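1. coordinates only, sequence not included:
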């Protein structure tokens, strides 16, 4: 199965990628899930000192964490699905049980015989009392929406049936659930590298004369081309793409306009600096990428030096920021140190980096938001851990005397933080794309 991943994901933007069939995707998803259950889950339960983790969900109202644990052939939970993970650290074992009528794939065994015990809640209590856990983690969280999955009715029903002796043992599984969502395996990182390459190559085709005819093509034309390209390739986009223009003679838009109310359907012209924000979903992972291109004028063979220098300033902010990554530091600490360093170098940075993985805006340490440059309470206080992926999202404002205005270099690339430090998952943009492409 590993060979399938590497061979089939090869891609050239001049032709469609050999995207895996649904059956092949299922094999990859289940292979990854098995490794995560057997290696990542025990480590995280030990780290967080939770020896029993209970996830409760109902069909079409799934806990976002539980969704990531379903096998490839389960597109939703069924009826009320209750998962129980029990970690016996002394014996170095982990039980993966479902208080449900069915086995959940190959790796979670049904532990409920309805004929012997008709009451699902009492069946859950039997599992708990038999194992006598020290700490019971439940998915509720004030700060992380993704790990706040238990609904009011299920929580109340669970606490009502739970014996009094176990009620003080129930805690938020926030740290365990966030760890599960954010931690990547080596298998996942091999897949991720190809996903980012596919994303880059789609953007490269979008930012070419195959798609853009200056003076005719609009920003919305490119936006919908990106959506359609992903669909035609058998991929999904987890957010609607954006394409915008910065040009001489037009005032730099505010952050709120840039992020939430970009002008649409503007005609792309020679001399424009264009920018896109685009990401795909494939094999239960997400990408998120922002790149820039320059539309060459008739007498130009390269972008103007002042735009080249402006783009280099954006790369410099990336370097400053990622050099401050350190396991155990909070997102707020990394943010403030990076902003201070950038400003001391005469830059005008803004940083709004988020975890990236099984969700696009995922759970983990939030390192700034565009409207919270002094730090983010709660999620920004969460520390950085190894084996995590972040969308390195930021910008720097640059004054261009040639255009008599400020512009914003907005960049975003997937980056991995591990025991050997920081690396981009699959490179980053280091020079402006040109349209037409330079020979």
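-> Received the coordinates, thanks. In this text the structure is predicted, and so the values were computed from the model without any measurement. Numbering: from 1, shown residues only.
2. What are the buried residues along stretch 291-309?
-> Across stretch 291-309, burial judged by 16 or more other CB atoms under 10 Å covers 291, 292, 293, 294, 295, 296, 303, 304, 307. C-betas here are computed from N, CA, C, even on glycine.
3. residue closest to the middle of the protein?
-> Centroid-nearest residue in the chain, with CA atoms, centre = their mean: residue 356, separated by 2.0 Å.
4. check contacts around it.
-> Residue 356 makes contact with 286, 287, 288, 362, 389, 390, 391, 414, according to CB atoms under 8 Å, 6 or more residues apart in numbering.
5. I'd say the first one and residue 354 touch.
-> The reference is to residue 286. No. Applying CB atoms under 8 Å as the test, residue 286 and residue 354 come out as separate, 10.9 Å apart.
6. what residues are shared contacts of these two?
-> residue 362.
7. could the buried residues of stretch 291-309 go into TSV alongside secondary structure and pLDDT?
-> Below are the buried residues of stretch 291-309 laid out as TSV (DSSP: H, G, I helix; E, B strand; the rest coil; pLDDT from 0 to 100):
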residue	secondary structure	pLDDT
291	strand	98
292	strand	98
293	strand	98
294	strand	98
295	strand	98
296	coil	97
303	coil	97
304	coil	97
307	helix	98
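8. follow-up on the earlier one: check the contacts of residue 356 against residue 64 and report the nearest one.
-> Nearest to residue 64 among these is residue 362, at 9.8 Å by CB to CB.
9. Contact partners for that closest one?
-> 146, 181, 182, 286, 354, 355, 356.
10. if I look at residue 87, how far off is residue 236?
-> Distance of residue 87 to residue 236, computed by CB to CB, to the nearest Å: 34 Å.
11. any low-confidence regions in the chain?
-> Within the chain, the segments meeting pLDDT under 70 span 1-17, 255-263, 439.
12. Report the next helix or strand after the biggest helix by length in it in sequence order.
-> Taking DSSP state H as the criterion, the chain has its longest helix at helix 186-206. Next in sequence after helix 186-206, counting helices and strands by DSSP states H and E, comes helix 219-232.
13. and that following helix, how far from the chain's centre?
-> The chain centroid and the centroid of helix 219-232 are separated by 21 Å, computed with CA atoms, centre = their mean, to the nearest Å.
14. Now do the helices in the chain.
-> Going by DSSP H, the chain shows helices at 2-8, 22-35, 41-48, 64-67, 120-131, 152-161, 174-182, 186-206, 219-232, 255-260, 305-323, 331-344.
15. before we move on, the earlier item: out of residue 87 and residue 236, which sits in the busier spot?
-> Per other CB atoms under 10 Å, whichever of residue 87 and residue 236 has more neighbours is residue 87, with 24 against 13.
16. partners of that one in the sheet?
-> residue 94 (DSSP bridges).
17. Does it touch residue 48 like I think?
-> No. Applying CB under 8 Å, one finds residue 87 not in contact with residue 48, separated by 10.0 Å.
18. ok so, going back, nearest to residue 326, of the contacts of residue 356?
-> residue 390 (13.3 Å).
19. do you know how far that closest one is from residue 315?
-> Taking CB to CB, one finds residue 390 at 17 Å from residue 315.
20. do you know how far the closest residue to residue 374 other than its chain neighbours is from residue 303?
-> Spatial nearest neighbour of residue 374, excluding adjacent residues (CB to CB, 6 or more residues apart in numbering): residue 336 at 7.7 Å. For residue 336, the distance to residue 303 (CB to CB) stands at 33 Å.
21. Also residue 311?
-> In terms of CB to CB, residue 311 sits 8 Å off from residue 303.
22. Tell me, how many residues neighbour the residue nearest to residue 142 when sequence neighbours are not counted?
-> Distance criterion CB to CB, 6+ apart; nearest residue to residue 142, sequence neighbours excluded, is residue 378 at 6.9 Å. A count of nearby residues for residue 378, using other CB under 10 Å, gives 12.
23. same question, residue 34
-> Other residues near residue 34 number 15, with proximity taken as other CB under 10 Å.
24. who touches it in this structure?
-> 106, 107.
25. same question, residue 349
-> Counted by CB under 8 Å, 6+ apart, residue 349 has contacts 317, 320, 321, 338, 339, 342, 343, 394, 395, 396.
26. go with 10 Å
-> 313-314, 316-318, 320-321, 338-343, 368, 373, 394-397, 409 (CB atoms under 10 Å, 6 or more residues apart in numbering).
27. cool, and residue 133?
-> 50-54, 84, 86-88, 127, 166, 169-170.
28. Over to residue 32?
-> 1, 5, 72, 184, 185, 187, 188, 191, 283, 284, 285.
29. Can you select the buried ones from those residues in PyMOL?
-> PyMOL command restricting the contacts of residue 32 to the buried ones, with burial defined by 16+ other CB under 10 Å:
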select buried, resi 5+72+184+187+188+191+283+284+285
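30. Return the closest of the contacts of residue 32 with respect to residue 66.
-> residue 284 (13.5 Å).
31. so the closest one touches residue 31, yeah?
-> No. Residue 284 is beyond contact range of residue 31, at 11.7 Å (criterion: CB atoms under 10 Å).
32. Please report the number of neighbouring residues for residue 63.
-> Residue 63: 24 neighbours (other CB under 10 Å).
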